[in-house]
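Visitor: need a 3D model of the following:
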Amino acid sequence: GLGLLLMAVWGSAITKLGSHFLGIEYVDHYGTQRFYWFAKHTLLSGTNPSHTSLLFYPWGKDIYGHTGANMLDAYLAVPFLLLFGHVAGYNLFVLCGLALSGIPFYMLAREFSEDRYACATAAFFSAMTPFVLLEVTEGRPTQAILAIPVLYLVQVFRTGQRRGWKAPVLAGA
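Guide: Numbering: from 1, shown residues only. Next up, the predicted model:
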């Protein structure tokens, strides 16, 4: 059953992972691809990522001031881009990010249930929510890959349930 759902949602994209970006041609998708390229460029060239003249030449763009430089996912994607190329690397990074986001969802579900199968099913469906699929479709993996926010929620929940410093420190980190 879950395999059929996977094929229904992702089946048409699987055959195109090396040639087409996941999602639609949309303004946010262009921005994501530009930031992923820019993150790779700054790492490989050793340039400062806070400002660039690659946009609005010759004056440039203050990356932090104008965009907040939310490039964590872009930097995490660089190994994928280098190993598999920009299109396949991006697609594989997003799919791996969605799959890895299931782990914290599983941890959160385990806080409420002892049934491992139910928790695994909840984790699987967390990557298939309309919100996640919309964000992937429109080229916003930063919002679609939910591992960090859900890890935070797990630790916040544990803070209220257990004594000690471990959970609040992990939530803060």
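
Visitor: how about the helix ranked longest in the chain: buried residues?
Guide: As assigned by DSSP state H, the longest helix anywhere in the chain is helix 86-110. Buried residues in helix 86-110, defined by neighbour count with 16 or more other CB atoms under 10 Å: 86-95, 97-98, 101-102, 104-110. In short, each C-beta sits where N, CA and C put it, glycine included.

Visitor: what does that helix contact?
Guide: Residues outside helix 86-110 that contact it (CB atoms under 8 Å, 6 or more residues apart in numbering): 10, 13, 17-22, 33, 36-37, 73, 76-77, 80-84, 116, 118-120, 122-124, 126-127, 132, 136, 141, 144-147, 150-151, 153-154, 157.

Visitor: go with 7 Å
Guide: Residues from elsewhere that reach helix 86-110 (CB atoms under 7 Å, 6 or more residues apart in numbering): 17-22, 36-37, 77, 80-81, 83-84, 119-120, 122-124, 126-127, 132, 136, 141, 144-147, 150-151, 153-154.

Visitor: next structured bit after the lowest-mean-pLDDT helix or strand in the chain?
Guide: The weakest-scoring helix or strand in the chain, judged by mean pLDDT, DSSP states H and E, is helix 2-14 (a mean of 69). Next helix or strand after helix 2-14 toward the C-terminus (DSSP states H and E): helix 27-45.
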